[in-house]
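K.L.:
How does the following fold in three dimensions:
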Amino acid sequence: MDPKNAGEMLKHLEKQNELLEDAHKKMSNELHRLQGDVNKMIFNDAENEEPNAQADASNEQQ
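P.N.:
Here you go, the predicted model:
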């Protein structure tokens, strides 16, 4: 590598690193948000299914 370009290359790589770290942080936050949404959906679905399961069980007993 040409020593004259080493400084420019270092600046470029530091900027790329900063951009990648920022993208990683944003994607990680979005992933955690989506995982929370999925967990809420699963929980709500389980809550909605529970009364139906109890109703089905009582209908079977009759």
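
K.L.:
got the contact list for residue 19?
P.N.:
Residue 19 makes no contacts at all, as judged by C-beta atoms under 8 Å, 6 or more residues apart in numbering. Any C-beta I mention is one placed from the backbone N, CA and C, and that applies to glycine too.

K.L.:
Check it and give its pLDDT.
P.N.:
Reported pLDDT at residue 19 in the predicted model: 98.

K.L.:
Please give the element, helix or strand, for it.
P.N.:
Element membership of residue 19, judged by DSSP states H and E, is helix 3-61.

K.L.:
Format the CA atom coordinates belonging to stretch 28-37 as PDB.
P.N.:
C-alpha atoms of stretch 28-37 as PDB (Å, rounded to 0.1, in the frame of the first residue of the first chain):
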ATOM      1  CA  SER A  28     -30.700  -5.400  16.100                       C
ATOM      2  CA  ASN A  29     -33.300  -3.000  17.600                       C
ATOM      3  CA  GLU A  30     -35.700  -3.800  14.800                       C
ATOM      4  CA  LEU A  31     -35.200  -7.500  15.400                       C
ATOM      5  CA  HIS A  32     -35.900  -7.200  19.100                       C
ATOM      6  CA  ARG A  33     -39.000  -5.100  18.400                       C
ATOM      7  CA  LEU A  34     -40.300  -7.700  15.900                       C
ATOM      8  CA  GLN A  35     -39.600 -10.500  18.300                       C
ATOM      9  CA  GLY A  36     -41.700  -8.700  20.900                       C
ATOM     10  CA  ASP A  37     -44.500  -8.300  18.400                       C
END
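
K.L.:
Tell me the spacing between residue 2 and residue 16.
P.N.:
Using C-beta to C-beta, to the nearest Å, residue 2 is found at 19 Å from residue 16.

K.L.:
which residues of this structure score low on pLDDT?
P.N.:
1, 51-62 (pLDDT under 70).

K.L.:
any idea how far residue 28 lies from residue 3?
P.N.:
Distance, residue 28 to residue 3, by C-beta to C-beta: 37 Å.

K.L.:
Tell me which residue lies nearest the centroid of this structure.
P.N.:
Centroid-nearest residue in the chain, with C-alpha atoms, centre = their mean: residue 31, separated by 1.1 Å.

K.L.:
Thanks again, I'm all set now.
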